[in-house]
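Participant: Pasted the sequence and its predicted model underneath.
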Number of protein chains: 2
Amino acid sequence: MTIIEPAEVPRLADNVEQAAPGELAKLLEFRPGQSFAAVDAESTPGFSGDKADGRAAHDLDNAVLKDLQERLFANTKAGGLKRAFVLVLQGRDSSGKGGIVRHVAGAVSPHGVVTAAFGVPTEEEAAHHFLWRIYRKLPRFGTIAVFDRSHYEDILVPRVRGLTPPRVWQERYDVINEFEEGLAESGVDVIKVMLTISPEKQAERLRDRIVRIDKQWKHSRGDLEDRRDWDEYTEAFQDLLERTSTESAPWYVVPADRKWYSRWAVVRLLIDRLQDLDLQWPRGTFDPEVELALLEKSDPRRR
Amino acid sequence: MTIIEPAEVPRLADNVEQAAPGELAKLLEFRPGQSFAAVDAESTPGFSGDKADGRAAHDLDNAVLKDLQERLFANTKAGGLKRAFVLVLQGRDSSGKGGIVRHVAGAVSPHGVVTAAFGVPTEEEAAHHFLWRIYRKLPRFGTIAVFDRSHYEDILVPRVRGLTPPRVWQERYDVINEFEEGLAESGVDVIKVMLTISPEKQAERLRDRIVRIDKQWKHSRGDLEDRRDWDEYTEAFQDLLERTSTESAPWYVVPADRKWYSRWAVVRLLIDRLQDLDLQWPRGTFDPEVELALLEKSDPRRR
């Protein structure tokens, strides 16, 4: 009897230059003092190719991510590993958060991923501590949670809209830092992505929602109000990045005018964290010869 | 200003003969008196092509499913529609339930689908009515829930394993029929798929879990015990189909030796139900000219 090794994970395309996952993380990590507004939303740091190349690279990376997630799940189930990941996606309206959720969730097994979108708090949510609804969506060990918006909304929106006294949202920087540090200490890593989009690209996408029959249901007057307050949000993002980019949970600023780029980059950031675990397939604790003999004996045609 | 129509939904491939969604549903629907054991697990009812054709057709259908699900979601959000779907997958070990979950969930937007796997009840689940854990996973209106096993386990396992007096699981046929009828009356359609696999194909797949490094973590001695009780399960499936295939929630028996076929068939069964709703894109309740003027005024570069 031969123990069969799995097929090789597909190689990444090498017809374009692309930063390795770890290098990309360094390129995109927010550095204290860095200007959020100065990041070029059209740029493609760490990737030299065009849209077609980006998509091809993304497809290959998806297969890598799927394999890594399954190893994470397998080691949790059969090896007692207690690790999970939360991918937080923040960014202005139409910066492509939903599309990234779809691509990441579509790449891995659905039992290995849970997605959550955090909109305007419901009555029940608003009646709780602002982290209550976040806690409820934390991933099981062995899985990845993808958050379309997050607890960071509870700083951004109250601040820009003046919904609470400043003291209330100002206190939340520390509360969040401690929350995320506690998560990391218990095996749940938070990977935080701030998507950045240009005013021109946003206008194009919001216009689509007004004039395209299949997108009109997505249009919201509130998006136009947020766009009007562009600069106030820019300031709020800057402070957020400065105050909550920590060693255990740094922010990554990802240019998002080109959707193919932001999708590739986010998947690669996830791959980087998963590769750090260096997960091997857990070996069965059984004797394969014994199990094969039992399989033979269980044959219903031999009864 | 022109209102732009969405791109056409891709046409289905016509290089092979495939039953239309409605015809396929009729072909696969369990008929009273039909023998479950007699269904050829290798057959491909309603599809004349091979694996490559099946995959191509499946890819095209995925795009149709994605479009239909988004229309369902859009009509719920912007049109007040109150409809949802539960896809129930039952079948022996290694019949491919997990793969179908992955393919269906991967085809649509993750916010439009929720997946759940119902294994051996946890201590908390076992301390409740057997439908408690099912109710908790019912889909929001506008979405599809995909169940990897379901409330039907609470008839099958107690029966074959003798875990309860027969009266307990026998009563559940009626309880389940009433539960599903109630769901249908309140807008939640249950689509029930019984996958059927041959003993030969199951042996092949269970053997893989014993000898393949990347699959050993999936091996369970319990699967071999269930295989030994093949005929008892066949009887239990037969009675289940007879007793719970109802007008509002019929069972579909889907041959599953060829994974490409069962995936294609299940997606097509879902498409059939969604197409019945004849969902158009909900028109915006706003005046596009007014919104476009507001978009123009919201330009941060003009402040």
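Facilitator: Thanks, I have it.
Participant: what are the ranges of the helices in the stretch 51-200 of chain A?
Facilitator: Secondary structure of the stretch 51-200 of chain A (DSSP state H, counting those that start in this stretch): helices at A:51-79, A:97-107, A:123-126, A:132-135, A:153-161, A:166-185, A:199-211.
Participant: Nearest approach to B:V113 belongs to which of the ones you listed?
Facilitator: When the helices of the stretch 51-200 of chain A are compared by Cβ to Cβ, helix A:97-107 sits nearest B:V113, at 9.0 Å. Where you see a C-beta, it was placed from the backbone N, CA and C, and this is true even at glycine.
Participant: Please look at A:V193 and A:S95 and confirm they touch.
Facilitator: No. Using Cβ atoms under 8 Å, A:V193 makes no contact with A:S95, being 10.1 Å away.
Participant: Can you list the low-confidence ranges for the stretch 1-150 of chain A?
Facilitator: Flagging of the stretch 1-150 of chain A using pLDDT under 70 yields the residue ranges A:1-14.
Participant: what number of residues lie near A:F118?
Facilitator: 18 (other Cβ atoms under 10 Å in any protein chain shown).
Participant: Against B:L131, how distant is it?
Facilitator: Counting by Cβ to Cβ, to the nearest Å, the gap from A:F118 to B:L131 is 29 Å.
Participant: again with A:N15
Facilitator: From A:N15 to B:L131 the distance is 54 Å (Cβ to Cβ).
Participant: Output the set of residues of the stretch 201-303 of chain A in proximity to chain B.
Facilitator: Contacts of the stretch 201-303 of chain A with chain B, taken as Cβ under 8 Å from any Cβ of the partner chain, map to A:203, A:206-207, A:210-214, A:216-219, A:221, A:224-225, A:227-228, A:230-231, A:281-284, A:286, A:288, A:291-292, A:294-295, A:297-301, A:303.
Participant: List only buried entries from the residues you listed.
Facilitator: Buried by 16 or more other Cβ atoms under 10 Å in any protein chain shown: A:203, A:206-207, A:210-212, A:214, A:216-219, A:224, A:227-228, A:230, A:281-282, A:284, A:288, A:291, A:294-295, A:298, A:300, out of those.
Participant: list the contacts for the most centrally placed residue in chain A?
Facilitator: Centroid check for chain A by Cα atoms, centre = their mean gives A:L87 as the closest residue, at 3.1 Å. Applying Cβ atoms under 8 Å, 6 or more residues apart in numbering or on different chains to A:L87 gives the contacts A:V104, A:I144, A:A145, A:V146, A:F147, A:I191, A:V193, A:V266, A:L270.
Participant: how many other residues sit next to the nearest residue to A:L277 once chain neighbours are set aside?
Facilitator: Spatially, and ignoring its direct neighbours in sequence, A:L277 is nearest to A:R83 (6.5 Å; Cβ to Cβ, 6 or more residues apart in numbering or on different chains). Neighbour count for A:R83, taken as other Cβ under 10 Å: 19.
Participant: same deal with A:S48?
Facilitator: So A:S48, with other Cβ under 10 Å, has 11 neighbours.
Participant: Please verify my assumption that it contacts A:A19.
Facilitator: No. Look at A:S48 against A:A19 with Cβ under 8 Å: they stay out of range, at 9.5 Å.
Participant: Can you name the residues in contact with the helix or strand hosting A:D239?
Facilitator: A:D239 is part of helix A:230-244, with elements assigned from DSSP states H and E. Contacts with helix A:230-244, where a contact means Cβ under 8 Å, 6+ apart, come from A:30, A:32-37, A:92, A:152, A:155-156, A:159-160, A:173, A:176-177, A:180, A:192, A:194, A:199, A:226, A:251, A:253, B:300, B:303.
Participant: do the same with stretch A:140-147
Facilitator: Stretch A:140-147 is contacted from outside by A:69, A:72-73, A:75-77, A:81-89, A:100-101, A:104-105, A:108, A:111-118, A:134, A:137-139, A:187, A:270, B:110, using Cβ under 8 Å, 6+ apart.
Participant: Among the residues you listed, name the buried ones.
Facilitator: A:69, A:72-73, A:75-76, A:81, A:83-89, A:100-101, A:104-105, A:108, A:111-118, A:134, A:137, A:139, A:270, B:110.
Participant: if we can go back for a sec, in helices only, show me the residues of the stretch 201-303 of chain A next to chain B.
Facilitator: Secondary structure from DSSP state H places A:203, A:206-207, A:210-211, A:221, A:224-225, A:227-228, A:230-231, A:288, A:291-292, A:294-295, A:297 of those in helices.
Participant: List the single closest residue to A:R172 in space, sequence neighbours excluded.
Facilitator: What sits nearest to A:R172 in space, not counting adjacent residues and going by Cβ to Cβ, 6+ apart, is A:I155, at 5.1 Å.
Participant: and what of A:Y152?
Facilitator: Residue nearest to A:Y152 in three dimensions, not counting chain neighbours: A:Q90, with 5.3 Å by Cβ to Cβ, 6+ apart.
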